[in-house]
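[1] This is a predicted model, with the sequence first.
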Amino acid sequence: MSENEQSKCLSNVLAAFGCLAAIVFFTANGLQAADPPQKTGAGPELRSELLNNGPIPCIGTFGSPDAARTNLLSIRNLVNAGAKAKARAMIIMAKGEPGFCVWDSKNYDYSIRGVSTRDFLGEFVTACKAQGITPGVFYDITDVRYEGIVRYGGPIGAPYFTLIKQQVAELFTRYPGFRFLVLKGAARLSKSQWSDLREVISSVSSNCCILCHPWALMAKEPMGLAFNWTKGTTGSHWEGTTGIPWKAGTTAQSVYQGCVADNAAGQASVMLIWPDKETGSMSGENADVLRQVREMLERNPPATLLPINADKQTPAERIKQLKELLDGGIITREEFDKKKKEIVDSL
């Protein structure tokens, strides 16, 4: 290496070190570093993708330890089936109404820990990446295990809200590949709880999009996007027992019409699909309907939603929020160090 090249290399190292030192200094003193602002809302490309994806397949998982022990779940085959059906985004259920967590949630005994050694969420993110599919995660605020009953309305107490913040932070810290969150039951959150949860999510995933029902506060914010269970599927979305969550009469045409109606209302369409218990994959009927709907949407695409401006947040602000999460016991020191390194490395 010539003297000139060595000099330039040294200058680059010193410049990077100086930038890091400035962030640490300003953060420690509660000030903002003079860095380019970072987006804290979902980008217009992601919002458009979710709005125009057609029915986004949401893969049902397990509602109990017994189900996790006995039911097959072939993540790779499910994602491959979604890819063949031309899905651009897919969702995996991390926690449903029963309250069972499909990942090893900290200080929470009703989870996959001790039931299976598989990392289902990690497998899903990896499989989606291999197929060029945008991965999302489903989290249900309704928690029969924690609250004792099926509660669709009413306020959320402080202890349970602390658990919600911890678990949502875990999902995006342990699995940074997730691009969006489907938050069912979000209307139960108060205005102040929304504000707190928004800070948690923006700290661990700056460009995350949050899908929630249109009557929830977050649906109208930069990070939010309204969603609806896909219209045109007759019967309950939750009745799937053999991989077919729809009653007879559901057709690709009816689902397509439902997707167009959702899009016109500015809502993403989400379709819950339960894997076949015997194969652990998507049933042929599910895959055929999804593929046919995608082809219909390609031939006759609905209007797209106009981009929405996002708020701005500096790296110093993100690190400061992470420190608050650490001090509050929402994330661990290891998680804090990992996310802080990601922020610094992105400069």
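    Yes, it's here.
[2] in the protein, which spans are helices?
    In chain order, the chain shows helices spanning 3-28, 44-51, 65-70, 75-84, 120-131, 144-147, 158-174, 191-204, 252-264, 284-299, 315-327, 333-345, with DSSP state H as the criterion.
[3] packing partners for the fifth one?
    I take that to be helix 120-131. With contacts defined as 3 or more Cβ pairs under 8 Å, 6 or more residues apart in numbering; DSSP states H and E, the secondary structure elements packing on helix 120-131 are helix 75-84, strand 89-95, strand 134-140. Quick note: C-beta positions are derived from backbone N, CA and C, even for glycine.
[4] Please report how far Thr142 lies from Arg291.
    In this structure, Thr142 lies at 32 Å from Arg291, with Cβ to Cβ, to the nearest Å as the measure.
[5] quick one on the thing from earlier: among the helices of the chain, which gets the worst mean confidence?
    When the helices of the chain are compared on average pLDDT, helix 3-28 comes out lowest at a mean of 42.
[6] Show the contacting residues for the residue most central in space within the chain.
    When Cα atoms, centre = their mean is applied to the chain, the residue found nearest the centroid is Leu181 (2.6 Å). Applying Cβ atoms under 8 Å, 6 or more residues apart in numbering to Leu181 gives the contacts Gly136, Val137, Phe138, Tyr139, Val168, Leu171, Phe172, Ile201, Cys208, Cys209, Ile210, Leu211.
[7] same thing with Thr173?
    Counting by Cβ under 8 Å, 6+ apart, Thr173 makes contact with Val204, Ile331, Glu335, Lys338, Lys339.
[8] doesn't Leu171 make contact with the second one?
    No - distance between Ile331 and Leu171: 11.3 Å, which falls outside the contact criterion (Cβ atoms under 8 Å).
[9] Between these two, which is the more surrounded one?
    Between Ile331 and Leu171, counting by other Cβ atoms under 10 Å, Ile331 is the more crowded of the two (26 against 22).
[10] What distance do you get for that one to Ala252?
    Taken as Cβ to Cβ, the span from Ile331 to Ala252 is 43 Å.
[11] can you check Met90 too?
    18 Å.
[12] More neighbours: those two, which one.
    Neighbours of Met90 and Ala252, each counted by other Cβ under 10 Å, are more numerous for Met90; the result is 25 against 18.
[13] Relative to Pro222, tell me which of the helices and strands packed on helix 120-131 wins on proximity.
    Nearest to Pro222 among the helices and strands packed on helix 120-131 is strand 134-140; the distance by Cβ to Cβ comes to 17.5 Å.
[14] gap between that closest one and the chain center?
    Centroid separation for strand 134-140 versus its chain: 4 Å, with Cα atoms, centre = their mean, to the nearest Å.
[15] Dump the helices and strands packed on helix 120-131 to TSV, plus distance to Gly60.
    Shown next, in TSV, are these (distance: least, Cβ to Cβ, whole Å):
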stretch	distance to Gly60
helix 75-84	10
strand 89-95	5
strand 134-140	9
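[16] out of those, deepest packed?
    By mean neighbour count, with neighbours taken as mean count of other Cβ atoms under 10 Å, strand 89-95 ranks first of the helices and strands packed on helix 120-131 at a mean of 26.
[17] Quick check: mean pLDDT of that one?
    97.
[18] between it and helix 75-84, how many degrees?
    Between strand 89-95 and helix 75-84, the angle formed by their directions is 150 degrees, by axes from the mean of the first three to the mean of the last three Cα atoms, to 10 degrees.
[19] tell me what strand 89-95 is packed against?
    Strand 89-95 sits against strand 55-59, helix 75-84, helix 120-131, strand 134-140, with contacts defined as 3+ Cβ pairs under 8 Å, 6+ apart.
[20] how about 6 Å then?
    strand 55-59, strand 134-140 (3 or more Cβ pairs under 6 Å, 6 or more residues apart in numbering; DSSP states H and E).
[21] Distance from that strand to the middle of the chain?
    Its chain's C-alpha centre and that of strand 89-95 lie 7 Å apart, by Cα atoms, centre = their mean.
[22] relative to strand 134-140, how tilted is that strand?
    If you take the same axes, to 10 degrees, strand 89-95 sits at 30 degrees to strand 134-140.
[23] May I have strand 89-95 as PDB, with CA atoms only?
    In PDB, the C-alpha atoms belonging to strand 89-95 read as follows (Å, rounded to 0.1, in the frame of the first residue of the first chain):
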ATOM      1  CA  ALA A  89     -45.500 -11.000   1.800                       C
ATOM      2  CA  MET A  90     -46.400 -13.600   4.400                       C
ATOM      3  CA  ILE A  91     -47.100 -13.600   8.200                       C
ATOM      4  CA  ILE A  92     -46.400 -16.100  10.900                       C
ATOM      5  CA  MET A  93     -48.500 -16.200  14.100                       C
ATOM      6  CA  ALA A  94     -46.100 -15.700  17.100                       C
ATOM      7  CA  LYS A  95     -48.900 -15.500  19.600                       C
END
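[24] Mind listing residues that contact that strand?
    Around strand 89-95, the neighbours that count as contacts under Cβ atoms under 6 Å, 6 or more residues apart in numbering are 53, 56-61, 82, 101-102, 124, 133-134, 136-140, 182.
[25] Nearest residue to His213 in space, ignoring adjacent ones along the chain?
    Spatial nearest neighbour of His213, excluding adjacent residues (Cβ to Cβ, 6 or more residues apart in numbering): Ala187 at 6.2 Å.
[26] actually Asp196, not the one I wrote
    Using Cβ to Cβ, 6+ apart and skipping residues adjacent in sequence, the residue nearest Asp196 is Lys165, 6.7 Å away.
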